[in-house]
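In: Next comes the sequence, and after it the predicted model I'd like to discuss.
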Amino acid sequence: MPQHDSTLQDFYDRLFERFGPQHWWPGESDVEIVVGAILTQNTSWTNVEYAIDNLKRDQLLDWRSLRDIDDTALAERIRPAGYYNLKTRRLRNFVNWLWTRHDGDLAPLRRAPLADARAQLLGVNGIGPETADSILLYALEHPIFVIDAYTGRLLRRHGLVNEKATYGEMQAMFHDRLPHDVATFNEYHALIVRLAREHCRVRAECAKCPLAHHAHNEHLR
DNA sequence: GACCAGGCACATC
DNA sequence: GATGTGCATGGT
């Protein structure tokens, strides 16, 4: 079914013009991206940074160290990110799986077909759609769009989807309307987070929002 | 002190 | 299939 609605392309253009390239994910190594993606579940990024800093400080941010550290010591490091018992279990699940299934190396997943890699990630307990897609896009460089709470709010507040649109439906909108390349999906998601975090926090700022020409009557946050 | 933050799994109906 | 609940910290 052909898509003539260029709203999402227009949003992208306006956001990029305003904010410029975001250079995402905020983390250099693939380990840091995966760990960050799990730790940031329902949690502010600033809290995740404290946890990542702890792991870096103690030189634990590599697959071997994460495999060998015990749960108590790991939980201690990631405590500032919240839900630390739960997240210790989820990190453990992922790391154990990566070593068992892929010998502690993400390369096979980078080479694998997107659908296959995604199914594998979703099979790990604690990895849901958003975490899987963040890993796929930012760590494995697969062309897939990440839907997060900000994106859902953006689409709903602009009337582009109804109140109970699913993750898959929202993702399909982006996939149907944008070029399927890693750079675009990467940049777009990063720009939405930037908009939410820094610009649309207060109503006064929202009036100057790059998307203000569209009829959104409520800020993103 | 309330409210929020880049989810997810699991229980229950 | 839909809806509700637990998980926890640090910033505003």
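Out: Noted; the coordinates are in hand.

In: Walking through chain A, point out its helices one by one.
Out: A:7-19, A:30-39, A:45-57, A:63-68, A:71-78, A:84-102, A:107-111, A:114-122, A:129-134, A:149-157, A:167-177, A:182-194, A:203-206 (DSSP state H).

In: Serialize those to CSV and add fields for mean neighbour count and distance to A:Leu140.
Out: All C-beta atoms are positioned from the backbone trio N, CA, C, and that covers glycine. Conversion of those to CSV gives the following (neighbours: other CB atoms under 10 Å; distance: least, CB to CB, whole Å):
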stretch, mean neighbour count, distance to A:Leu140
helix A:7-19, 16, 22
helix A:30-39, 23, 8
helix A:45-57, 16, 19
helix A:63-68, 15, 14
helix A:71-78, 16, 23
helix A:84-102, 17, 12
helix A:107-111, 14, 5
helix A:114-122, 16, 6
helix A:129-134, 21, 10
helix A:149-157, 18, 20
helix A:167-177, 16, 17
helix A:182-194, 20, 9
helix A:203-206, 12, 35
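
In: possible to save these as CSV with distance to DNA strand B and mean pLDDT?
Out: Compiled in CSV, those are given as follows (distance: least, CB to the nearest atom of the strand, whole Å; pLDDT from 0 to 100):
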stretch, distance to DNA strand B, mean pLDDT
helix A:7-19, 14, 95
helix A:30-39, 6, 98
helix A:45-57, 4, 98
helix A:63-68, 18, 98
helix A:71-78, 14, 98
helix A:84-102, 6, 98
helix A:107-111, 16, 98
helix A:114-122, 7, 98
helix A:129-134, 3, 98
helix A:149-157, 3, 93
helix A:167-177, 7, 97
helix A:182-194, 5, 97
helix A:203-206, 14, 60
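
In: Of all those helices, which one comes closest to A:Glu141?
Out: Comparison of these against A:Glu141 by CB to CB identifies helix A:182-194 as nearest, at 5.1 Å.

In: For the closest one, which outside residues touch it?
Out: Under the criterion CB atoms under 8 Å, 6 or more residues apart in numbering, residues A:12, A:15-16, A:19, A:21-25, A:137-138, A:141-146, A:148, A:150-151, A:154, A:174, A:178 lie in contact with helix A:182-194.

In: ok, now with 7 Å
Out: Contact with helix A:182-194 is made by A:12, A:15-16, A:19, A:21-22, A:24, A:137-138, A:141, A:143-146, A:150-151, A:154, A:178, as judged by CB atoms under 7 Å, 6 or more residues apart in numbering.

In: what's the span of stretch A:23-32, first residue to last?
Out: In terms of CA to CA, to the nearest Å, the two terminal residues of stretch A:23-32 are separated by 15 Å.

In: how many neighbours does the closest residue to DNA strand C within chain A have?
Out: Here chain A gets closest to DNA strand C at one residue, A:Gly82, 2.5 Å apart by CB to the nearest atom of the strand. By other CB atoms under 10 Å, 16 other residues sit near A:Gly82.

In: Quick one: residues contacting it.
Out: A:43, A:47.

In: Kindly report the residues of chain A close to DNA strand C.
Out: Proximity of chain A to DNA strand C (CB under 7 Å from any atom of the strand) is limited to residues A:42-44, A:46-47, A:50, A:79-80, A:82-87, A:164.
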